[in-house]
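In: Can you look at this prediction? I've put the sequence above it.
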Amino acid sequence: MARDQSDLIPGTFDMLILKALSLGDLHGWGVAERIERLSGGVCGVKQGAVYPALQRLLLRGWVASEWRDSENNRRARFYRITGTGRRQLERELASWRRATSGVERVLRASAQET
């Protein structure tokens, strides 16, 4: 069962969008689908959450957009990650890895380590 975007750990949604776009340009619906597919359905994203997040990332300069024809010949706004967005993604990934590594060490701890 897919989880709702609101179930994501706070601060991870922008990182997931940036990662999805780092793999190639997409329209908003495609961003949500890519995140859900790559997460094996664990990170389900509501369409209504994607577009405000993309607008926020546009304002920060982390993504850019342009209107193009989609695969079904409809006009759609396609988003791409910018250089600034790639640098932000690297910062967020480093922070995420530090945090999850620390949590994992605590969870693996035994009584003898205390």
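Out: Received, thanks.
In: middle-most residue in the chain, spatially?
Out: residue 16 (1.3 Å; Cα atoms, centre = their mean).
In: which residue sits closest to it, ignoring its sequence neighbours?
Out: Setting aside the residues directly before and after it, residue 16 is nearest to residue 35 in space (Cβ to Cβ, 6 or more residues apart in numbering), at 5.1 Å. C-beta here means a position set from N, CA and C on the backbone, and glycine is covered the same way.
In: Repeat that for residue 93.
Out: residue 15 (7.0 Å).
In: for the longest helix anywhere in the chain, which positions count as buried?
Out: The longest helix of the chain (DSSP state H) is helix 83-108. Buried residues in helix 83-108, defined by neighbour count with 16 or more other Cβ atoms under 10 Å: 85, 88, 89, 92.
In: and of the residues you listed, the nearest to residue 65?
Out: residue 85 (11.8 Å; Cβ to Cβ).
In: Pretty sure the closest one sits against residue 65.
Out: No - between residue 85 and residue 65 there is no contact under Cβ atoms under 8 Å: 11.8 Å.
In: which helices and strands does the one helix or strand the residue nearest to residue 93 maps to pack with?
Out: Residue 15 belongs to helix 13-22 when assigned by DSSP states H and E. If contacts are counted by 3 or more Cβ pairs under 8 Å, 6 or more residues apart in numbering; DSSP states H and E, helix 13-22 sits against helix 28-38, helix 47-60, strand 63-69, strand 75-81, helix 83-108.
In: mind checking how far residue 56 is from residue 81?
Out: 14 Å (Cβ to Cβ, to the nearest Å).
In: Looking at these two, which is more packed in?
Out: residue 81 (23 against 14; other Cβ atoms under 10 Å).
In: hang on, the more buried one packs against residue 21?
Out: Yes - Residue 81 is within contact range of residue 21, at 4.2 Å (criterion: Cβ under 8 Å).
In: shared neighbours, these two?
Out: residue 63 (Cβ atoms under 8 Å, 6 or more residues apart in numbering).
In: What sits closest to residue 58 if chain neighbours are left out?
Out: residue 65 (6.3 Å).
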